[in-house]
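Trainee: Predicted coordinates and the sequence they were generated for:
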Amino acid sequence: MNMPILTQFGNSEQKTMSTRVIAELCEKQPQHVKRDCENMFTSLNLDASKFGHIYFDSMNRQQTEYLLDEELTMTLVTGYNIVLRNRVIKRWKELESRELSKMEILQMALESEQQKLVLQQQLEIQAPKVAFVDKYVAGNGNKTFRQVAKLLRIKEYKFREFLELNRIMYKLNGEWTAYQNHVDAKRFHIKTGVSNSGHAFNHALFTPKGIEWIAGELAKFNLRGVA
């Protein structure tokens, strides 16, 4: 059995079923189904012209059919026997399943695009960090605040503001000191000693690990500022 077009979509993208399809499913002549439609339109005080659709048959002759939404389709076939009505209902389920599949594909595509955006953002965040590490942290040795600021090409006062704002370092007795959690994470090395004048000091130096980490944190901070 050659099944005609299952659905037609108007400008509203509403799913419909044609009288030709209903005729095939219900084993009726298309003109008889059209007649039943017209009787239904009259009973429901509906304008038949709003549901009309032009198509060309196998002999290229212009013909008219009606396109019905689910409610009108079910209303029409209610007068047919239960077996034929069941066929129409099953066909609607097929159409709904196909529509769901389209939505699932669209959702997957959307999620894929979102994942691409997240990955791109992560790469943008990591790029400055990777470049910095490759260039400056390949060697070993700890560096002072001023040396790290120079490597990061950031003004010292800006760098201090960043460190203080993000609770990385704070000022204690005139000395810039690292918070203990960052010391424990091996991002800083605390150098202790006594100056020539007898003054005891604790000097926080950035470790190579700390330089790598702070470069990434600063890159993320700058990206958030741009966004």
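Mentor: Okay, I see it. All of these numbers come straight from a predicted model, not from anything done at the bench.
Trainee: hey, C-alpha coordinates of the one helix or strand V21 maps to in PDB?
Mentor: Secondary structure assignment for V21, by DSSP states H and E: helix 19-26. What follows is helix 19-26, C-alpha atoms only, in PDB (Å, rounded to 0.1, in the frame of the first residue of the first chain):
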ATOM      1  CA  THR A  19      -7.800  13.300   4.400                       C
ATOM      2  CA  ARG A  20      -5.800  11.100   2.000                       C
ATOM      3  CA  VAL A  21      -4.000   9.500   4.900                       C
ATOM      4  CA  ILE A  22      -7.100   9.000   6.800                       C
ATOM      5  CA  ALA A  23      -8.800   7.400   3.800                       C
ATOM      6  CA  GLU A  24      -5.900   5.000   3.400                       C
ATOM      7  CA  LEU A  25      -5.900   4.100   7.100                       C
ATOM      8  CA  CYS A  26      -9.700   3.700   7.300                       C
END
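Trainee: Touching that helix from outside, list them.
Mentor: 1, 3-6, 28-30, 32-34, 37, 55, 65-68, 73, 76-77, 80, 84, 87-88, 91 (CB atoms under 8 Å, 6 or more residues apart in numbering). C-beta here means a position set from N, CA and C on the backbone, and glycine is covered the same way.
Trainee: buried subset of the residues you listed?
Mentor: The neighbour count (16 or more other CB atoms under 10 Å) marks 6, 28, 30, 33-34, 37, 65-68, 73, 76-77, 80, 87-88, 91 as buried among these.
Trainee: Can you give me the domain boundaries for the protein?
Mentor: Listed domain ranges for the chain are 17-108, 137-226 (source: automatic domain parsing).
Trainee: Export those domains as CSV, with columns for mean pLDDT.
Mentor: Formatted as CSV, those follow (pLDDT from 0 to 100):
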stretch, mean pLDDT
domain 17-108, 80
domain 137-226, 81
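Trainee: Tell me which helix or strand comes right after the helix holding V21.
Mentor: helix 30-43.
Trainee: now for the strand or helix carrying E161, which elements pack on it?
Mentor: Using DSSP H and E, E161 sits in helix 156-165. The helices and strands touching helix 156-165, judged by 3 or more CB pairs under 8 Å, 6 or more residues apart in numbering; DSSP states H and E, are helix 145-152, strand 169-172.
Trainee: Tell me which of these is the most buried.
Mentor: helix 145-152 (a mean of 17; mean count of other CB atoms under 10 Å).
Trainee: Put the alpha carbons of it into PDB.
Mentor: The C-alpha coordinates for helix 145-152 follow below in PDB (Å, rounded to 0.1, in the frame of the first residue of the first chain):
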ATOM      1  CA  PHE A 145      56.800  39.200  44.600                       C
ATOM      2  CA  ARG A 146      58.500  41.800  42.500                       C
ATOM      3  CA  GLN A 147      60.000  39.200  40.200                       C
ATOM      4  CA  VAL A 148      56.700  37.400  39.700                       C
ATOM      5  CA  ALA A 149      54.900  40.700  39.000                       C
ATOM      6  CA  LYS A 150      57.500  41.500  36.300                       C
ATOM      7  CA  LEU A 151      57.100  38.000  34.800                       C
ATOM      8  CA  LEU A 152      53.400  38.400  34.700                       C
END
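Trainee: I'm done for today, thanks for sticking with me.
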